[in-house]
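Undergrad: Give the three-dimensional model of this entry:
(chains A, B, C and D)
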There are 2 protein chains.
Amino acid sequence: MTDKTDAPGAAWSALARLARTGQARIDNVLAAEGLPAEEFLPLLEELAAAPSQTGVTAKSLEGTLGLPQYAVSRLLGRAIKAGLVTRAPHPQDKRSTLVMATEDARRLYPRMARARDAAIDAFFADRLRPGQVKRLNDLLQMMEDSADE
Amino acid sequence: MTDKTDAPGAAWSALARLARTGQARIDNVLAAEGLPAEEFLPLLEELAAAPSQTGVTAKSLEGTLGLPQYAVSRLLGRAIKAGLVTRAPHPQDKRSTLVMATEDARRLYPRMARARDAAIDAFFADRLRPGQVKRLNDLLQMMEDSADE
DNA sequence: TGCCTGTCGATGCGTGCGCATGTAAACTGG
DNA sequence: CCAGTTTACATGCGCACGCATCGACAGGCA
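TA: As a prediction, the model looks like this:
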């Protein structure tokens, strides 16, 4: 049915499946170490990079995280429930919220980042030799660079 | 922070992002042509391959689609609501359900398959030259072949 | 100053998911 | 033939999503 030499179709289904299994692997590693979910990592990374005292507005996170407004709002809600983040009223603009990482988050973030990176390394190392990973990465980067949707 | 030469990390984030944008592209193409969602395609493919009179049990779809039982149950619910599929009682086993594609589904399925394939071809063609797609596919197939999770 | 418009963030609604459980039917050993 | 187990499928619950909307506030302009 699907032609054996249909490279795009085969490549797509492999790509999609690998993305799912890789994500599952990351989730499992973080869960196994009792760490917070991966969805908080980009948020914590952003907060770690920001001035710790001031905090960051929720609005600015839409841009840096590439998420729609409602997604940021809800992510923050979950992060607060998980004890990773606090909301504080913005002194100059009462519509706005300042977001800051908690002590817990600052302590956990490096472990999360390392665990995720280890999961990713293992994911590729299990399947490809280092030179092949390099070649794969080159091709994927070329694809990303032509972002014309 | 993230090392510039961290090929696994870079490859992973490209892989994950490309999987999302590719899926979005498929979804958009199908929606633009007024066709049913892509989630029904593997189901319809399975039903198209099966003897049209007899139908297929929901249980067997768990295996062929690689979905858990509840996911099949709900997918069938949606497919029925979309008019693509019918449930019929299994004559020999009243616990079981026989699933059959409707006429609509048999008419729509080839268009859906072609639209999806066209979206995938365009997705790669926009980003890579044919030889590169081939190389990418080779690497991805190697990764999939070592499925040892 | 007092409105009017635009911005910030939260949330109701509908929907899908995963887990766990429920219901009905089939099977099985005594 | 009957109780206990197993199988097939559905579904309630909690949670996340996207869309659309809402309430609160800020800023501009008359």
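Undergrad: after the helix or strand hosting A:A11 comes which helix or strand?
TA: Using DSSP states H and E, A:A11 falls within helix A:7-32. Reading on from helix A:7-32 to the C-terminus, the next helix or strand found by DSSP H and E is helix A:41-49.
Undergrad: near DNA strand D, anything from that next one?
TA: No - shown here: helix A:41-49 not in contact with DNA strand D (C-beta under 7 Å from any atom of the strand), separated by at least 11.5 Å. For glycine as for every other residue, the C-beta is placed from the backbone atoms N, C-alpha and C.
Undergrad: Run through the neighbouring helices and strands of the helix holding A:A11.
TA: Using 3 or more C-beta pairs under 8 Å, 6 or more residues apart in numbering or on different chains; DSSP states H and E as the contact criterion, the elements in contact with helix A:7-32 are helix A:103-125, helix B:7-32, helix B:103-125, helix B:130-145.
Undergrad: tell me which residues of that helix are tucked away?
TA: Judged by neighbour count (16 or more other C-beta atoms under 10 Å in any protein chain shown), helix A:7-32 contains these buried residues: A:7-12, A:14-19, A:22-23, A:25-26, A:29-30.
Undergrad: Of all the helices and strands packed on helix A:7-32, which one comes closest to A:L140?
TA: helix B:7-32 (3.7 Å; C-beta to C-beta).
Undergrad: and chain A, which of its residues are near DNA strand D?
TA: Residues of chain A lying near DNA strand D (C-beta under 7 Å from any atom of the strand): A:E39, A:P68, A:Q69, A:Y70, A:A71, A:R74, A:L75, A:R78, A:Q92, A:D93, A:K94, A:R95.
Undergrad: Next, the contact list for the nearest residue to A:A16 once chain neighbours are set aside, please.
TA: Using C-beta to C-beta, 6 or more residues apart in numbering or on different chains and skipping residues adjacent in sequence, the residue nearest A:A16 is B:A19, 5.3 Å away. Applying C-beta atoms under 8 Å, 6 or more residues apart in numbering or on different chains, we find B:A19 in contact with A:L15, A:A16, A:L18, A:A19, A:R20.
Undergrad: Among these, which pair sits farthest apart?
TA: Of all pairs in the contacts of B:A19, the most separated under C-beta to C-beta is A:L15 and A:R20 at 10.0 Å.
Undergrad: Quick check: A:A115 vs A:L128, distance?
TA: Per C-beta to C-beta, to the nearest Å, A:A115 is found 21 Å from A:L128.
Undergrad: let me redo that: A:L43
TA: Counting by C-beta to C-beta, the gap from A:L43 to A:L128 is 30 Å.
Undergrad: And the two? Which one has more around it.
TA: When neighbours are counted by other C-beta atoms under 10 Å in any protein chain shown, A:L43 and A:L128 differ, and A:L43 comes out ahead with 25 against 20.
Undergrad: roughly how far apart are the more buried one and A:T57?
TA: Counting by C-beta to C-beta, the gap from A:L43 to A:T57 is 13 Å.
Undergrad: again, but for A:Q141
TA: Distance, A:Q141 to A:T57, by C-beta to C-beta: 32 Å.
Undergrad: Give me the contact list for stretch A:106-122.
TA: The contact list for stretch A:106-122 (C-beta under 8 Å, 6+ apart) reads A:22, A:25-26, A:28-30, A:33, A:35-36, A:38, A:40-41, A:44-45, A:48, A:52, A:84, A:101, B:6, B:8-9, B:12.
Undergrad: Now do the contacts for the residue nearest to the spatial centre of chain A.
TA: Nearest to the mean C-alpha position of chain A, by C-alpha atoms, centre = their mean, lies A:P42 at 4.8 Å. The neighbours of A:P42, taking C-beta under 8 Å, 6+ apart as the test, are A:L65.
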